[in-house]
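Participant: Dropping the sequence and predicted coords here.
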Amino acid sequence: MDGEQGGRIGSKPPGLEGSSDTRLLANPLMGDVVSDWSPVHEAAIHGRVLSLRNLISQGWPVNLITADRVSPLHEACLGGHLLCANILLKHGAQLFLQVNGVTMDWHTPLFNACVSGSQACVNLLLQHGASPHPESDLASPIHEAARRGHVECVEALAAHGGNIDHNINHMGTPLYLACENQQIACAKKLLESGATVNQGRGLESPLHAAARASSMELAALLMDFGADTQAKNAEGKRPAELVPPESPVMQLFLQREEKSFLTPDLELAMKGKSINLTVRAGFGENTLCCLGLHSRRERESTGAPGPAPGSTTLPQGSAKTLVSGFHGFKSMLLPLPEQC
């Protein structure tokens, strides 16, 4: 677990003899006093627990910061090294400015822990006061965890008040990122935690991302949580229009649209009962006409009974014709003239 490599172990860092003041090491104007890499950083990034303890006992401070404002705690979390992170926190890195320290790239130790996927480091940092909310939209812990598929990190952040619907302009929501990168387990965890199913990136919904990726499992998951199959993106396209024609995902969309079209009353009609039809998804009376229902012309030629004026009651057997027509026309339904 602990290698004994690394330079200058056993000596105090330059400028620290007889002084506990470490601020000079974080001053980029001090030239060589600011080291881009110290033995403490080296031990932390590689998880060398024994070396880290020895360095601390010899007077090396735990809050050394490089010119890019990277601390040993950043490095320990980036490597997912819980024991090293714990040692650093116990020896002073638990100060608010350190546990929430921001690098020049806006990375916090918590963000780095989400990069590595270490739930243990995430929990440890949160217990020591790390904020689940990003200092900058350039480095959001929950977005990074969702993008990489680190379910446990997402769960921990959500449990500590992380905003699961945090929407960043250039990335969207964590759910959108999970779908875009086909991280099914993360998407499911976010939805179970209450993420808004239709909120994505701009007008692009998570279902658009799943359709574009042609992911059957993701699309089904999102639809199970109420995703809007009719939502249009900035190009005016619905999710189904982004699915490759030969993809089996297209059949899933057709099945779900059919299911949403069939109201409970309509299902009763399929059993041979007259019902009041609730028309969904913009299917007007003229559209129903084109699907083979008893249009005026058909009624006149066959003598079939029609609905009373102002009524949407369907005669027996009409629903079966409607469902058959739906399969034929799929989702390419267009209103027809009244005389159809």
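Facilitator: Yes, it's here. Numbers count the residues shown, from 1 in each chain.
Participant: Where does pLDDT dip in the stretch 201-340 of the chain?
Facilitator: For the stretch 201-340 of the chain, applying pLDDT under 70 flags the ranges 258-340.
Participant: repeat that for 90
Facilitator: 244-248, 251, 253-340 (pLDDT under 90).
Participant: Now Ser51: closest residue in space, sequence neighbours ignored.
Facilitator: Ala43 (4.2 Å; C-beta to C-beta, 6 or more residues apart in numbering). From N, CA and C alone the C-beta is placed, and that goes for glycine too.
Participant: In which helix or strand does the one you found reside?
Facilitator: Assigned by DSSP states H and E, Ala43 falls within helix 39-46.
Participant: Give me the buried positions along that helix.
Facilitator: 39-46 (16 or more other C-beta atoms under 10 Å).
Participant: Which of the residues you listed sits closest to Asn123?
Facilitator: Ala44 (18.3 Å; C-beta to C-beta).
Participant: Please list all residues in contact with the closest one.
Facilitator: 52, 72-73, 75-76, 79, 81, 84-85, 88 (C-beta atoms under 8 Å, 6 or more residues apart in numbering).
Participant: go again using 6 Å as the cut-off
Facilitator: Applying C-beta atoms under 6 Å, 6 or more residues apart in numbering to Ala44 gives the contacts 72, 75-76, 84.
Participant: just His81 next, same as before
Facilitator: By C-beta under 6 Å, 6+ apart, the neighbours of His81 are Gly47.
Participant: again, only using 10 Å
Facilitator: The contact partners of His81, by C-beta atoms under 10 Å, 6 or more residues apart in numbering, come to 1, 43-49, 52, 75, 87-88, 116, 118, 120-121.
Participant: What residues sit buried inside the following helix or strand past the helix holding Ala43?
Facilitator: Later in the chain than helix 39-46, the nearest helix or strand by DSSP H and E is helix 49-57. By 16+ other C-beta under 10 Å, the buried positions in helix 49-57 come out as 49, 51-56.
Participant: and the helix or strand following helix 49-57, which residues are buried?
Facilitator: On the C-terminal side of helix 49-57, the nearest following helix or strand under DSSP H and E is helix 72-78. Residues 72-78 are the ones in helix 72-78 that count as buried (16+ other C-beta under 10 Å).
Participant: now do stretch 98-117
Facilitator: Under the neighbour-count criterion of 16+ other C-beta under 10 Å, stretch 98-117 has 98-103, 107-117 buried.
Participant: got it, and stretch 136-148?
Facilitator: 139-148.
Participant: returning to that earlier point: would you turn the contacts of Ala44 into a markdown table with distance to Thr66?
Facilitator: Converted to a markdown table, the contacts of Ala44 look like this (distance: C-beta to C-beta, whole Å):
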| residue | distance to Thr66 |
| --- | --- |
| Pro72 | 10 |
| Glu75 | 10 |
| Ala76 | 14 |
| Cys84 | 17 |
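Participant: about what we covered before: the buried residues of stretch 136-148 into JSON lines, with extra columns for distance to Leu222, pLDDT and secondary structure?
Facilitator: Listed next are those as JSON lines, based on distance: C-beta to C-beta, whole Å; pLDDT from 0 to 100; DSSP: H, G, I helix; E, B strand; the rest coil:
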{"residue": "Ala139", "distance to Leu222": "27", "pLDDT": "90", "secondary structure": "coil"}
{"residue": "Ser140", "distance to Leu222": "22", "pLDDT": "95", "secondary structure": "coil"}
{"residue": "Pro141", "distance to Leu222": "23", "pLDDT": "96", "secondary structure": "helix"}
{"residue": "Ile142", "distance to Leu222": "19", "pLDDT": "97", "secondary structure": "helix"}
{"residue": "His143", "distance to Leu222": "18", "pLDDT": "97", "secondary structure": "helix"}
{"residue": "Glu144", "distance to Leu222": "21", "pLDDT": "97", "secondary structure": "helix"}
{"residue": "Ala145", "distance to Leu222": "19", "pLDDT": "97", "secondary structure": "helix"}
{"residue": "Ala146", "distance to Leu222": "14", "pLDDT": "97", "secondary structure": "helix"}
{"residue": "Arg147", "distance to Leu222": "17", "pLDDT": "96", "secondary structure": "helix"}
{"residue": "Arg148", "distance to Leu222": "20", "pLDDT": "97", "secondary structure": "helix"}
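Participant: which one of these is nearest Leu157?
Facilitator: Ile142 (4.8 Å).
Participant: and the gap between the residue nearest to Ser51 and Asn86?
Facilitator: 14 Å (C-beta to C-beta, to the nearest Å).
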